[in-house]
Every structure is written in structure tokens, then in C-alpha cells.
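K.L.:
Below is the structure, and that's it, no one-letter string:
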Ligand SMILES: Nc1ncnc2c1ncn2[C@@H]1O[C@H](COP(=O)(O)OP(=O)(O)OP(=O)(O)O)[C@@H](O)[C@H]1O
Ligand SMILES: N[C@@H](Cc1ccc(O)cc1)C(=O)O
């Protein structure tokens, strides 16, 4: 694959690449690129995670050597699953099953448990170097990468070391590319600045969009919501199961959840139904068309939408009714997730892990 093709594949559907020039020059130099993403194994796989999972697929296809970090210790620091490591590890296995079910080439990916990193004293030596290169104020500003407001992050001291651990992960794994949703930007910027101070190579950051939870913004006005507030309060999150569609949900559950979802007429900003189409359905395969049917009593007919831009335009002009949009999105999302449901039916171990996690995770 030539450089332009690889570049296109690596960057498509991403919100930003920091920086594109660095990525291009490393590709042009013919370097073997290594990338990673970390996640906190602490619950069930929601559809927001498909966005980064599709990007992992693109990166592997573009020849990037990829590692997935199961951030078990970070989940502990972040009070997930009551710090129960056995459950945290099960949650990590659940994610691996889902990735396999949606066609991410897990055989070509290296999975690393954070336990491995922290059992090496070199990791902690590196951690101290990272910590020494940064002020407490700077680290505090990055606390939103844990999905918490800064004040919450100060509740117990362990949380203050989380951002420096995440930066240390990047250097310890020696990756060129750090992938994550836009809520991870502060960790990646901290890593880039720290790299400069420690004379290490700056990681390139690739950020994918964040899917808004089904509750939307509630009574907030979209123009009043900044990126941090959106990430902490309104993104779809496994810690708030009522806001999420899970990848193993039945078509009926998907339809029911979407019928109740926030979807104000003509408003596309932070509209989760529009975003599911834009970030998940359109990128899911080339040539995808969203076919929206209008009931007979409202004049009938079918609208075929061929791009996210067209969808946004038609919706803003009031040419698509929210309920018709919800029905079309529910139908195609259920179809997209069929292989996941089938995988969980077939694979007993995956099903058992899922059932166990459901019991704990659904309690919130
Ligand atoms: N709603 C979302 N849409 C897209 N990406 C997401 C979403 N939520 C999390 N991510 C991405 O998934 C990765 C793992 O995030 P994380 O473990 O914090 O998930 P989470 O669902 O927010 O969990 P929690 O509720 O426990 O904070 C990160 O790169 C993050 O940016
Ligand atoms: N902070 C990330 C999880 C993570 C942890 C460690 C890492 O090295 C990378 C990512 C999140 O909450 O989504």
C-alpha cells in the first residue's frame, strides 16, 4: 500500500491527528509504526467504542503494529468494579470477545495487561521521570481523561497519579501513535510535552469522535456545552448503562432505546441518533446508504441518504422526521450488530463472562 493510501486509511473519520505532518513524514521515511489504545476494563462494550474499534481495524490494515492496553490498574485507581481485579480481568476478556466478533483482527494485535507494566521497576523509574517533568497543576488539568471532573479527581490521592501513568504507558510501550477518543487529548498533549522535556520521541495522537449518550444534553443548550463538559457529563458511557446501547442488545432493545433517545427536530449537534449514523453506520462499509421510510399517513415515500453531510443538511431543513430517523437507524444498527449477537450465542465462555458482568455492571 502506498503512503497516500495508508495516510487516508489511518486518518479517515478521525476528528484530528496531532500532527498530520509528523505522521506523513514517518510514513514517507518507511518507518515501521507502532500504535496503541488503552481502555479501562470495567463494564460492557457500548456502541461508542465501535468508533475506536473501527479505527484500530484501519490502523492494522495500514500496517501499524498495534497494542491494546487493558488498563486494569487504571480501572482500579478509577474505582471501577470496586477495584475487584478478578472482575476487571473478566471485563478485559469481554472486550477481546467483542473485538473479535466485530471483525477486528485480534490475532494481529498484541494485548497487554497493565499488570505486566507495573510489575517492572523500569516502568516506575520512567513514571518518576514523567512526574518530575510536570507540575501538579498541569497534571490536575488532565484529570478529565479519567471521565471525571477535576474536583472529583482530587478526592483521593491515587487519582492524581493516573495521568502520569497513562503518559508512562506511552513511553514504556514505545509507541509512535496514541489512539483514543477526543476525551483523551489532554493525556496525549501531556505526553507530547513531556517527550520534549525528556528528549523522547513525541507520540502522534489520533482522536476519534465521542458519541453522545441517548439522554443527549437534557435541558442544556448545545451552544453552552464545551468539549470537557460533553466528555464528562454527556458521552455514552458504560458507567451510565441507561444512556447506552450495548453491542449485544437485541434488535427490540435497540429500537426501544432509540425511540426514547434525545433527538430534537432539526438539531444535529450532540444528537445521538444523528451521531450513530454519522460515526458508526456510514463508516461501517463503503457505499452505505441510510434508507429512511416515511409512513403512508405522512405522505409515504423513501429518502436515500448517501453521506453524513447530506443527512445533517436534510435533518436541519426539517425534511426528516425524528421518529423516521430513529426507526431507520435502529434497523441498520441492529443489522450491523448481528454478528456480535451470533458470536455470543455460539461462544459459551463469552456468554458466561457477559452474564456475570451484566449482573455487576448494570448496577452502575
Ligand atoms: N461515548 C463514547 N464514544 C466514543 N468513544 C468513547 C466513548 N466513551 C469512551 N470512548 C473511548 O473509549 C476509550 C475507553 O474509554 P473508557 O474506558 O473511559 O470508556 P467509558 O465508556 O467512558 O467508561 P467509563 O464510563 O467507565 O468512563 C477511550 O479512548 C475513550 O475516548
Ligand atoms: N484513560 C483512558 C484509559 C486508558 C488508560 C491507560 C492508557 O495508557 C490509555 C488509556 C480512559 O478512561 O478511557
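P.N.:
That came through, no problem. Quantities reported herein were computed from a predicted structural model and do not represent experimental measurements. Ligands and ions are numbered 1, 2, ... in the order given.

K.L.:
Residue numbers of this protein in contact with ligand 1?
P.N.:
Contact residues (CB under 6 Å from any ligand atom) of the chain with ligand 1: 37, 39-40, 42, 48-49, 51-52, 80, 147, 180-181, 183-184, 210-211, 235-239. C-beta: built from backbone N, CA, C; applies to glycine.

K.L.:
quick one, strands of this protein?
P.N.:
16-18, 34-39, 65-70, 110-113, 177-181, 204-208, 290-293, 302-305 (DSSP state E).

K.L.:
so how far is the shortest one from its chain's centroid?
P.N.:
What it means is strand 16-18. Relative to its parent chain, strand 16-18 has a centroid offset of 15 Å by CA atoms, centre = their mean, to the nearest Å.

K.L.:
OK, now which residue of the chain is nearest to ligand 2?
P.N.:
The chain approaches ligand 2 most closely through residue 38 (2.3 Å), counting by CB to the nearest ligand atom.

K.L.:
contacting residues for the residue nearest to the spatial centre of the chain?
P.N.:
By CA atoms, centre = their mean, the chain has its centre lying nearest to residue 49, at 3.9 Å. Residue 49 makes contacts with 39, 95, 98, 247, as judged by CB atoms under 8 Å, 6 or more residues apart in numbering.

K.L.:
Taking those together, which two end up most distant?
P.N.:
Of all pairs drawn from the contacts of residue 49, the greatest distance, 14.0 Å, lies between 39 and 247 (CB to CB).

K.L.:
Tell me which of the two has more neighbours.
P.N.:
A count of neighbours by other CB atoms under 10 Å puts residue 247 above the other of residue 39 and residue 247, at 23 against 20.

K.L.:
can I assume that one is in contact with residue 339?
P.N.:
No - Residue 247 lies out of contact with residue 339 (CB atoms under 8 Å); the separation is 9.8 Å.

K.L.:
Next, show the common contact partners of these two.
P.N.:
101, 102.

K.L.:
Got the phi and psi for the closest residue to residue 222 other than its chain neighbours?
P.N.:
Spatial nearest neighbour of residue 222, excluding adjacent residues (CB to CB, 6 or more residues apart in numbering): residue 269 at 4.0 Å. Backbone torsions for residue 269, taken as degrees, to the nearest 10, come to phi -70, psi 130.

K.L.:
how many other residues sit next to residue 269?
P.N.:
Neighbour tally, residue 269, other CB under 10 Å: 16.

K.L.:
cool, and residue 309?
P.N.:
Applying other CB under 10 Å, I find that residue 309 has 11 neighbouring residues.

K.L.:
Low-confidence ranges, the protein, go.
P.N.:
Across the chain, the ranges flagged by pLDDT under 70 are 362-364.

K.L.:
hang on, the earlier thing: can you say which of the residues of the chain next to ligand 1 are buried?
P.N.:
With neighbours counted by 16 or more other CB atoms under 10 Å, these contain buried members at 37, 39-40, 42, 48-49, 51-52, 80, 147, 180-181, 183-184, 210-211, 235-238.

K.L.:
Among these, which are located in helices?
P.N.:
48, 49, 51, 52 (DSSP state H).

K.L.:
Now render these as CSV, adding distance to residue 352.
P.N.:
Formatted as CSV, these follow (distance: CB to CB, whole Å):
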residue, distance to residue 352
48, 25
49, 21
51, 27
52, 26
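
K.L.:
Please identify which of those residues is nearest to residue 217.
P.N.:
residue 48 (15.8 Å).

K.L.:
ok, residue 174 to ligand 1 distance?
P.N.:
To ligand 1, residue 174 is 20 Å away according to CB to the nearest ligand atom, to the nearest Å.

K.L.:
Correction: the previous question concerned residue 77.
P.N.:
12 Å.

K.L.:
How about residue 262?
P.N.:
For residue 262 relative to ligand 1 (CB to the nearest ligand atom), the value is 14 Å.

K.L.:
could you list every residue that touches the residue nearest to that residue when sequence neighbours are not counted?
P.N.:
Closest residue to residue 262 apart from its sequence neighbours, by CB to CB, 6+ apart: residue 216 at 2.5 Å. For residue 216, the contact set (CB under 8 Å, 6+ apart) comprises 234, 261, 262, 263, 264, 270, 271, 272.

K.L.:
how about a cut-off of 7 Å?
P.N.:
262, 270, 271, 272 (CB atoms under 7 Å, 6 or more residues apart in numbering).

K.L.:
Now rank those residues by neighbours and give me the top one.
P.N.:
Busiest of the contacts of residue 216 [other CB under 10 Å] is residue 272, holding 29 neighbours.
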